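Colleague: Provided below are the primary sequence and the corresponding predicted coordinates.
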Amino acid sequence: INKTGNRVAIEAHSNHTFRMALEKLGYDTNTVYSIASDLKRSFPALLRKITTIPYLKVPRWSEIDNISVLIPALLVGAWEENCSGDKEVLKSLSGLEYDEYIRLLHPFIACNDTPLVVIDGSYMCISISEMWNVLWKQLSPDMFQRFKSCVLSVFDVVDPTYELPEKQWYMAGVLGKKSDYSAQLLRGLIISLIMIIERDDSTGNSLGISSITAECEVLVSQVFNQVKTWQDWYTIAPYIPVFVEATPNAVLSIMEKEADMPDSEFWKMFNNPEDVLLGRTFYTHLLWALEKLVWLSRYASRAVKLLMCFADKGYEYKLSNTPINTLTDIFCLWYPQGIFTLEERNLLLEKILKEHPESARSLIKALLPQGRQTTSGISKFSWRNVDISETRVSTNEYRDACMFLAEKFLDNIRPSFSDWDIIFSRFNA
């Protein structure tokens with residue numbers, strides 16, 4: 001900058017401009033959000049991701065000596081320097097005092113092509129997938145055991161926010177009820193589980209474990225076995241949609257088990273907040289987790305069954321996010337979502353009508369034609385590598401689906417006002 005000359009300000013890319021640029025490169029919306037979240041708006045990381053030139057795909061930081069020092073940072077993904085718990089986790093993983101460990105990270109932070117970004121005491125790994133590709137073989141059995149111990153310990157701590165009356169939750173930090181662990185670190189640990197499982201194969205690994213996936217399944221089951229009280233469930237709820245990407249079967253099995261117990265503290269997550277604007281909802285995290293499972297053929301039917309179980313409870317909701325609305329998005333006749341084929345959807349809807357008559361009528365009323373209909377996209381996987389394809393419905397297929405659903409409803413119609421209301425309000429659409 002020259003004192004008397006023209007000044008040129010080079011502004012940092014915002015999330016919006018970075019995503020717009022990715023869309024111009026031809027990426028769809030879901031891929032754009034995934035890339036933006038992973039790369040933290042880093043141009044060098046983006047260049048390595050899209051280039052076809054071999055030597056440009058190798059990050060410069062990988063040429064610095066002792067790159068294994070990055071492993072603890074990678075395992076947590078991100079951390080806050082003002083959170084004592086975050087520093088303790090890094091101390092446990094590195095075997096060093098926190099300040100000493102940060103000193104060892106300085107050569108990587110200072111290099112031009114840094115794998116870490118630091119802003120006001122907030123540390124974040126850039127391009128987590130890329131870092132795992134480079135550092136995967138550096139993960140030792142001892143480090144993996146320390147990582148598992150950290151996961152168990154941090155998710156066994158209840159957020160002190162819930163020691164306060166609900167009306168004061170939004171100001172927990174001001175009242176000295178701040179968690180020792182940052183949300184970024186907790187989320188980062190789960191993402192590391194996903195990255196580790198994604199690299200499990202039958203060719204063996206450096207961890208000396210026959211099945212990494214099975215080992216992580218056990219770990220996640222142990223984490224959820226620690227969850228007993230409503231405070232425990234409120235604390236872990238925001239992370240359930242990420243846990244489900246790591247170990248779908250373990251998380252779904254836990255939810256099914258809890259749903260079978262009417263007196264479980266699990267059901268308190270469906271309580272409405274006292275204040276819609278400042279309050280917190282927890283059941284929405286369960287819905288988002290189940291929406292992701294609908295994209296996996298092995299778990300899709302179980303996810304729908306659990307959503308119907310939630311719907312049968314008949315809770316009143318203050319938000320538009322409800323089990324019935326999620327099911328409506330999944331079974332939308334003109335824009336269905338999830339892994340099911342059109343024939344499988346018909347069979348499921350027929351089964352739902354027979355086994356869940358009350359909830360089924362709310363679902364059918366939402367599905368049948370009615371004026372201008374809209375639908376929203378259900379949650380998709382952010383970190384787990386899952387092939388997702390869009391089901392396109394032709395005009396004839398849409399008409400056939402409407403006729404099938406109408407016929408099945410008429411086969412099960414009851415002499416009630418609500419049933420005949422569906423007849424008159426929908427069938428003439």
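Modeller: Received it, and whenever you're ready, just let me know what you need.

Colleague: Grab the CA positions of stretch 411-418 and hand them over as CSV.
Modeller: Extracted in CSV, the C-alpha atoms of stretch 411-418 (Å, rounded to 0.1, in the frame of the first residue of the first chain):
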residue,chain,number,x,y,z
ASP,A,411,-59.8,-50.3,0.5
ASN,A,412,-59.2,-49.3,4.1
ILE,A,413,-61.6,-46.4,4.4
ARG,A,414,-63.5,-46.1,7.7
PRO,A,415,-66.9,-44.5,8.5
SER,A,416,-65.4,-41.4,9.9
PHE,A,417,-65.5,-37.7,9.1
SER,A,418,-61.7,-37.5,8.8
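
Colleague: neighbouring contacts of it?
Modeller: Contacts of stretch 411-418 with the rest of the structure, by Cβ atoms under 8 Å, 6 or more residues apart in numbering, involve 353-354, 357, 361, 419-420, 423. In short, each C-beta sits where N, CA and C put it, glycine included.

Colleague: can you rerun that using 6 Å?
Modeller: The contact list for stretch 411-418 (Cβ atoms under 6 Å, 6 or more residues apart in numbering) reads 353, 419.

Colleague: Doesn't Asn112 belong to a helix?
Modeller: No - read with DSSP: H, G, I helix; E, B strand; the rest coil, Asn112 is coil and lies in no helix.

Colleague: Without its sequence neighbours, what residue ends up closest to it?
Modeller: Leaving aside its sequence neighbours, Asn112 sits nearest to Arg60 (Cβ to Cβ, 6 or more residues apart in numbering; 6.7 Å).

Colleague: Quick check: that neighbour touching Asp113?
Modeller: Yes - assessed by Cβ atoms under 6 Å, Arg60 is found in contact with Asp113 at 4.0 Å.

Colleague: ok, these two, which is more surrounded?
Modeller: Using other Cβ atoms under 10 Å, the more surrounded residue of Arg60 and Asp113 is Asp113, with 18 against 12.

Colleague: Okay, helices next: where are they in the stretch 301-429 of the chain?
Modeller: 323-331, 342-355, 357-367, 395-411, 417-426 (DSSP state H, counting those that start in this stretch).

Colleague: roughly how far apart are the residue nearest to Asn112 and Phe18?
Modeller: 21 Å (Cβ to Cβ, to the nearest Å).

Colleague: Over to Gly208?
Modeller: Distance from Gly208 to Phe18, by Cβ to Cβ: 40 Å.

Colleague: what's the distance between Ala300 and Val158?
Modeller: 33 Å.

Colleague: These two: who's more crowded?
Modeller: Ala300 (19 against 16).

Colleague: re earlier: which one of Gly208 and Phe18 has more residues nearby?
Modeller: Counted by other Cβ under 10 Å, Gly208 and Phe18 do not tie: Phe18 has more neighbours, with 19 against 9.

Colleague: how far does the helix or strand in which the more buried one is found sit from the chain's center?
Modeller: Using DSSP states H and E, the element containing Phe18 is helix 15-24. Averaging C-alpha positions (Cα atoms, centre = their mean, to the nearest Å) puts helix 15-24 22 Å from its chain's average.

Colleague: Report the helix or strand with the lowest average pLDDT across this structure.
Modeller: helix 43-50 (a mean of 65; mean pLDDT, DSSP states H and E).

Colleague: In contact with Leu278, which residues are there?
Modeller: Leu278 touches Tyr170, counting by Cβ under 6 Å, 6+ apart.

Colleague: quick one: Phe340 from Leu349, how far?
Modeller: 10 Å.

Colleague: ok, the two, which is more surrounded?
Modeller: The residue with more neighbours, out of Phe340 and Leu349, is Leu349; 23 against 20, by other Cβ under 10 Å.

Colleague: Just the strands from the stretch 51-200 of the chain, written as ranges.
Modeller: 78-80, 116-119, 122-125 (DSSP state E, counting those that start in this stretch).

Colleague: low-scoring pLDDT stretches of this structure, where are they?
Modeller: 1-15, 33-45, 47-49, 51-57, 201-205, 427-429 (pLDDT under 70).

Colleague: how far away is Asp113 from Val134?
Modeller: 12 Å.

Colleague: ditto for Ala172
Modeller: 38 Å.

Colleague: how about the helices in the stretch 151-300 of the chain?
Modeller: For the stretch 151-300 of the chain, the helices defined by DSSP H, counting those that start in this stretch occupy 183-198, 212-225, 230-236, 240-246, 248-259, 283-293, 300-312.

Colleague: Format those as JSON lines; extra columns: distance to Ser376.
Modeller: Shown next, in JSON lines, are these (distance: least, Cβ to Cβ, whole Å):
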{"stretch": "helix 183-198", "distance to Ser376": "23"}
{"stretch": "helix 212-225", "distance to Ser376": "29"}
{"stretch": "helix 230-236", "distance to Ser376": "25"}
{"stretch": "helix 240-246", "distance to Ser376": "16"}
{"stretch": "helix 248-259", "distance to Ser376": "22"}
{"stretch": "helix 283-293", "distance to Ser376": "10"}
{"stretch": "helix 300-312", "distance to Ser376": "15"}
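
Colleague: Ile64: which of those helices is closest?
Modeller: Judged by Cβ to Cβ, the one of those that comes nearest to Ile64 is helix 183-198, at 21.3 Å.
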